[in-house]
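[1] Predicted model follows, preceded by the sequence.
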Amino acid sequence: MHGPLGVLPLYVRGLSFEAGGARLLDGVSFDLQPGERLVVIGPNGAGKSLLLRLCHGLLTPASGSVSWGTAPGALALKRRAMVFQRPLMLRRSALANITHALGAQGMARPEREERAATSLARFGLTHLARRPARVLSGGEQQRLAIARAWAMRPEVLLLDEPTSALDPTATRAIEEMIMACHADGMTIVMTTHEMGQARRMADRILFLNKGRLVEEAPAERFFTAPATQDARRFLNGDLLS
Ligand SMILES: Nc1ncnc2c1ncn2[C@@H]1O[C@H](COP(=O)(O)OP(=O)(O)OP(=O)(O)O)[C@@H](O)[C@H]1O
């Protein structure tokens, strides 16, 4: 999945974001290497969603830079996909939501149909193909959103709290899908509130607090021996936003 013009590594340097006169993200720097599962955690309002949105180009930084590999801009955008907390579905069938997204990327119709069907089958969702996407349950919609993202064959999948509105069964299904995307070669960046999920999913942790990157560490080390007092307090449930 990584062509010569890939989007990785990602280099984020001194990234800041301001709104309403407030500095909401302040000087965040990190790298992302191919094949990683990077999980961004931190209290409410820490800036996790902002960081993902800035990385995906949905927001413009006040200062600093986001630099995605060597692929030129338009191609780099095609090579990453973002999944939101509440999926955006068009008023059409589950299958058509995928074919539409592929069409928007310029894929020819016969290939779109085949790719969309393959994607639903990959995740055991074929039975939903003809159902209107908007009447699917929250968990089904999120599974469809990930199948749609997978269909684009991105190098990088960005997920912003993909399970926060879901029950434990649906959460497990989504986690398995994300792991399957990773097994298929995609690099994963996700935010979560749920520390059990962060432990299950992460190779590496970025811990944000009040718009700053407080700690960056391999997941095992972060959870067994956090280096900062803020991270220790957060893991003990004592650090509130
Ligand atoms: N476009 C915006 N304009 C003004 N303030 C914003 C904007 N987007 C986010 N914020 C504020 O920036 C801060 C960080 O928001 P962000 O959504 O990134 O936090 P988060 O870490 O994802 O939190 P949560 O875990 O609650 O989702 C919050 O105080 C939020 O209210």
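    In hand now; what should we look at? None of the values given here were measured: they were computed from a predicted structure. Residues are numbered from 1 along each chain as shown.
[2] Going by C-alpha atoms from here, please, whenever you check contacts or count neighbours.
    OK.
[3] For the protein, which segments are assigned as helices?
    Ranges of helices within the chain are 48-56, 73-78, 94-104, 109-122, 138-151, 168-183, 195-201, 219-224, 229-235, based on DSSP state H.
[4] Dump the ones you listed to a markdown table, plus distance to Gln85 and mean pLDDT.
    Converted to a markdown table, the helices of the chain look like this (distance: least, C-alpha to C-alpha, whole Å; pLDDT from 0 to 100):
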| stretch | distance to Gln85 | mean pLDDT |
| --- | --- | --- |
| helix 48-56 | 10 | 97 |
| helix 73-78 | 20 | 71 |
| helix 94-104 | 17 | 96 |
| helix 109-122 | 20 | 96 |
| helix 138-151 | 8 | 96 |
| helix 168-183 | 12 | 96 |
| helix 195-201 | 15 | 96 |
| helix 219-224 | 23 | 97 |
| helix 229-235 | 22 | 95 |
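[5] Could you dump these into TSV and include distance to the ligand and mean neighbour count?
    Below are the helices of the chain laid out as TSV (distance: least, C-alpha to the nearest ligand atom, whole Å; neighbours: other C-alpha atoms under 10 Å):
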stretch	distance to the ligand	mean neighbour count
helix 48-56	4	21
helix 73-78	21	14
helix 94-104	26	22
helix 109-122	29	18
helix 138-151	17	24
helix 168-183	17	17
helix 195-201	12	15
helix 219-224	18	16
helix 229-235	13	17
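[6] Let me have those helices in CSV, extended by distance to Ser16.
    Listed next are the helices of the chain as CSV, based on distance: least, C-alpha to C-alpha, whole Å:
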stretch, distance to Ser16
helix 48-56, 9
helix 73-78, 21
helix 94-104, 31
helix 109-122, 37
helix 138-151, 28
helix 168-183, 28
helix 195-201, 24
helix 219-224, 24
helix 229-235, 21
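[7] Looks like Val66 contacts Val12 (just checking).
    Yes. Judged on C-alpha atoms under 8 Å, Val66 makes contact with Val12 at a distance of 4.6 Å.
[8] Which residues are in contact with each of those two?
    Each of Cys55 lies in contact with both Val66 and Val12 under the rule C-alpha atoms under 8 Å, 6 or more residues apart in numbering.
[9] Which one, of the helices of the chain, ends up nearest to Phe17?
    With C-alpha to C-alpha, the closest approach to Phe17 among these belongs to helix 48-56: 8.0 Å.
[10] Check which helices and strands that closest one sits against.
    strand 156-160 (3 or more C-alpha pairs under 8 Å, 6 or more residues apart in numbering; DSSP states H and E).
[11] Could you check the angle the strand it packs on makes with helix 48-56?
    150 degrees (axes from the mean of the first three to the mean of the last three C-alpha atoms, to 10 degrees).
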